[in-house]
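1. Give me coordinates for this.
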Amino acid sequence: MARRSSRLSASAAQSELAEALAALRAELKVPGEFPPAVLAEAEQASLAPLGSLPDLTHLEFLTIDPAGSTDLDQAMHLAVTDAGFEVDYAIADVPFFVAPGGVLDDETRRRGQTLYAPDGRIPLHPPVISEGAGSLLPGQVRRAFVWRFALAPDGAVNETSLTRALVRSRRQWSYDEAQRALDDGTAPPALAPLPAIGKALIAQEAARGGASLNTPDEEIVLTPDGYGVERRVPLPIEDWNAQLSLLTGMAAATIMLAGGVGILRTMPPADDAAVAAFRARTELLGLPWAEGTEYGEYLRSLDRSQPRALAVLQAAASLFCGAGYEAFDGAPPKQPVQAALAAPYAHVTAPLRRLVDRWGLIVCEALAAGNPVPDWARASLTELPHIMNMTTSLSGRLDAGALDRVEAAVLSGRVGDEFDAVVLAQNHTRTRIQLAEPAVEASVDAIVGNPGDALRVRLVSATIATGMLVFAPV
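-> Residues are numbered from 1 along each chain as shown. Here you go, the predicted model:
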């Protein structure tokens, strides 16, 4: 795994960064502490008996998440069968803890989703639920929505079922731990089939014409020396694990569309002009997208470690735009497809961290069982697109603002230094660049080279309070 990092060590810069991050929260009006009434209702809900449900605690479920995670939405149990594979995918039963119309329900609708910042997470639900009674922690009996998929060897879905049940995770794995266990052959039977299943589902995605960018992540990390920025290429297991979530979301969309009620995560296909412009860009970058090659196949063929490939992926992101939520009750949306997946899709796998998933799970459970969708869920479906779009916008602004300020802090002691960089993109007046080291993206107020070109830049200034970096070409 390619990994580059830069660490902030100057105490003065750390102090200034802490102030800048606090000011960013205030500027964006990020939610603060939960009101006492909300905490009290959550505490009471966390103590409620689990009730009588089918018992699936004999299945050896496990979770795979970033190291240190405590809000565990999903657990899996995988098996090889004579007909292919069986996937049991358990999703935390958050609706059990949130009474419709209560103060906790109101507060979660105000928040919309969990927000992540370098100086702390802003959870959707109080920790007594999100990190306690509702989280699929190892060794604990928990309520869950359990999706069961019977897959053919090629990943095609032969059968799907959904039921509320009791489950117990056996172990919480980090991505690094699980990848090592799969690589060295020590993975338990419930985890060992993941590579074969993940690769089969990726092949199904390719056959549909779907595409995943899977670009290296620019992440903020906290080390003993302070905050830093790290560029990390996702592990293979992260793609395989994500495929299980996508499988579930597509199954949920199928149930909703068949039942005539629900809420989809949609994204329109790119128009012909945008596709033609992107194809022309790939030719200029020396990595032409050949006629007759599917878009997703082309993106999957790129070597993510090459600067020109990063510039292509930056350009490709322009085709992955317009994502939103479409609620419906009766006629389906005119455009029900999530274009990157080339299939209808719904959010149902992260209810601890995303509000809309609570509705998706309740709607799907009712439809799968042949029962009426609860009135509270049906009546409030149309409220969700606005809530989710607003909070997704807030999340994006918080992420970008925090990253800018951390990058400025990382580079605050290097004003006047020169750096190697690669051109990612440009408009009429500015050039977007990526430094080779540290892992920082920035802009130059000039047209310098073409996307994919290497260049040398000098840092003119770094303002931590605003996250502003000024570079000049050398």
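
2. Please compute how far the helix or strand encompassing residue 149 lies from its chain's middle.
-> Secondary structure assignment for residue 149, by DSSP states H and E: strand 141-151. How far strand 141-151 lies from its chain's middle: 21 Å, per CA atoms, centre = their mean, to the nearest Å.

3. try stretch 148-168
-> 22 Å.

4. quick one: the helices in the stretch 101-250 of the chain?
-> Remark: helices assigned in the stretch 101-250 of the chain by DSSP state H, counting those that start in this stretch are 103-111, 127-128, 175-184, 194-208, 236-259.

5. Tabulate those helices (JSON lines), appending mean pLDDT.
-> Formatted as JSON lines, the helices of the stretch 101-250 of the chain follow (pLDDT from 0 to 100):
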{"stretch": "helix 103-111", "mean pLDDT": "98"}
{"stretch": "helix 127-128", "mean pLDDT": "98"}
{"stretch": "helix 175-184", "mean pLDDT": "97"}
{"stretch": "helix 194-208", "mean pLDDT": "94"}
{"stretch": "helix 236-259", "mean pLDDT": "97"}
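
6. Can I get the ones you listed in a markdown table including distance to residue 280?
-> To be clear about C-beta, it is placed using only N, CA and C from the backbone, and glycine gets the same treatment. Shown next, in a markdown table, are those (distance: least, CB to CB, whole Å):
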| stretch | distance to residue 280 |
| --- | --- |
| helix 103-111 | 43 |
| helix 127-128 | 50 |
| helix 175-184 | 37 |
| helix 194-208 | 24 |
| helix 236-259 | 29 |
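
7. okay, the ones you listed, which one's buried deepest?
-> Of the helices of the stretch 101-250 of the chain, the one with the most neighbours on average (mean count of other CB atoms under 10 Å) is helix 236-259, at a mean of 21.

8. thinking again about what came up before, for the strand holding residue 149, what does the pLDDT average out to?
-> Taken as a whole, strand 141-151 has a mean pLDDT of 98.

9. counting contacts, what elements does it pack onto?
-> strand 84-92, strand 157-174, helix 236-259, helix 356-369 (3 or more CB pairs under 8 Å, 6 or more residues apart in numbering; DSSP states H and E).

10. And the contacts of the next helix or strand after the longest one?
-> Where DSSP H and E defines the elements, the next helix or strand beyond helix 236-259 is strand 261-266. Outside of strand 261-266, the residues that reach it under the criterion CB atoms under 8 Å, 6 or more residues apart in numbering are 249, 252-253, 255-257, 323-330, 333, 335-338, 344-347, 356, 359-360, 363-364, 367, 373, 378, 381, 384-385.

11. circling back: compare the helices and strands packed on strand 141-151 and give me the one nearest residue 78.
-> Across the helices and strands packed on strand 141-151, residue 78 has its closest neighbour in strand 84-92 (5.8 Å, CB to CB).

12. List the strands paired with the closest one, with their directions.
-> Counting by DSSP bridges, the strands paired with strand 84-92 are strand 74-81 (antiparallel), strand 141-151 (antiparallel).

13. Just put the ones you listed in TSV and tack on mean neighbour count and distance to residue 293.
-> TSV is the format used below for the strands paired with strand 84-92 (neighbours: other CB atoms under 10 Å; distance: least, CB to CB, whole Å):
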stretch	mean neighbour count	distance to residue 293
strand 74-81	21	32
strand 141-151	22	27
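
14. closest to residue 25 out of those strands?
-> The nearest among these, by CB to CB, is strand 74-81 at 28.5 Å.

15. Off-centre distance for the closest one?
-> Taking mean C-alpha positions (CA atoms, centre = their mean), strand 74-81 and its chain are 21 Å apart.
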